[in-house]
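**Student:** Sequence below, structure please.
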Amino acid sequence: MRKSIVVYCISGLTNRLNCLLAGMEVAKKTNRQLKVFWSYDEDPTFRVRLKDLFDNDFVEVSSQDIEQMKDVELFTFKRSVTAAKKKKGLDDLEVLQKKFGINEEFIDMINSKAENLVFHYWSLDNRLPISAIDAQKNFLLLEIKKDIQDIVDRFVSQNEINKDTIGVHIRSTDFNAIHKVNYADIARKVERENNASKKIFLFSDSKNVEEKFANKFENVIIRNDKKFVKKIDEAQPWIFEGNNNRFADRDVIIDALIDLLIACKTRLAIYDTRSMFSLFILRMNEVINE
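**Tutor:** Next up, the predicted model:
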């Protein structure tokens, strides 16, 4: 029987995509069968199935399937287990750690003798035994659902989005609660591009942020028909008692993917380097311009 690698995809959209793309690359290098664990109904921050986004014929497995596997080597970080444990319903990673232990040396995946590898990591960086750009190229192999791709193509055509369009990503909501977004500095940068008569595609997880910038700068383009994240408890802040007070249903995640696909066709120039979403787009800019 062919050996396998299971990519353990949890958390936000680009965190999951990074894990998936890295797993696809490791599977190619090690001739392992790729399998995907993709949490959705347990996680209020991500309520969408893998098959709602892509038409690829991925082999999906449950956490129970993984628990029943024999000869397993789990590759992740202990802090990933801790972070997942804090999220209600996402403590399965801790169960797997207790059963299989953890190997934090990702380079060992390439020559591992285990029948089944389980891999969870949210970033494409030098901790991995693969090239980030090679892994990123696997995004081109994902078969975007036709209804999603149609929306992207229509928006790009109607607004003449291309590599000369300036991309602006403003991550807000819970991100601002943690990192304190400098909106004034972003506004100054957008103003410079606006004064240079550059077309600007601006996208955020906050409706208020998008509308504020679109109303202030004539060259800013936003999507007017998208859904945004909401608070689970409106009476509490975005981060409450150390937990994310953020709810994203199927439509919100699909709209995030649409933003991502449109932004990949721009030149992302204004962003926060701490945002995985922005870094994902920057790598795609590099892949597309190779």
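
**Student:** so what's the residue nearest to Val229 when sequence neighbours are not counted up against?
**Tutor:** Nearest non-adjacent residue to Val229, counting by CB to CB, 6 or more residues apart in numbering: Ala248, 4.9 Å away. No exception for glycine: its C-beta is placed from N, CA and C like everyone else's. Residues in contact with Ala248 (CB atoms under 8 Å, 6 or more residues apart in numbering) are 44-47, 229, 256.

**Student:** Tell me which of the residues you listed fall in helices.
**Tutor:** Here DSSP state H is the test, and those give Ala256 as lying in helices.

**Student:** Can you add neighbour count, distance to Val209 and pLDDT and give the contacts of Ala248 back as JSON lines?
**Tutor:** As requested, the contacts of Ala248 are arranged in JSON lines below (neighbours: other CB atoms under 10 Å; distance: CB to CB, whole Å; pLDDT from 0 to 100):
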{"residue": "Pro44", "neighbour count": "16", "distance to Val209": "22", "pLDDT": "72"}
{"residue": "Thr45", "neighbour count": "21", "distance to Val209": "19", "pLDDT": "78"}
{"residue": "Phe46", "neighbour count": "27", "distance to Val209": "21", "pLDDT": "88"}
{"residue": "Arg47", "neighbour count": "18", "distance to Val209": "23", "pLDDT": "89"}
{"residue": "Val229", "neighbour count": "22", "distance to Val209": "12", "pLDDT": "95"}
{"residue": "Ala256", "neighbour count": "23", "distance to Val209": "14", "pLDDT": "98"}
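
**Student:** and of the contacts of Ala248, the nearest to Lys207?
**Tutor:** Val229 (9.6 Å; CB to CB).

**Student:** need the contact list for the closest one.
**Tutor:** Per CB under 8 Å, 6+ apart, neighbours of Val229: 173, 205, 246-248, 252.
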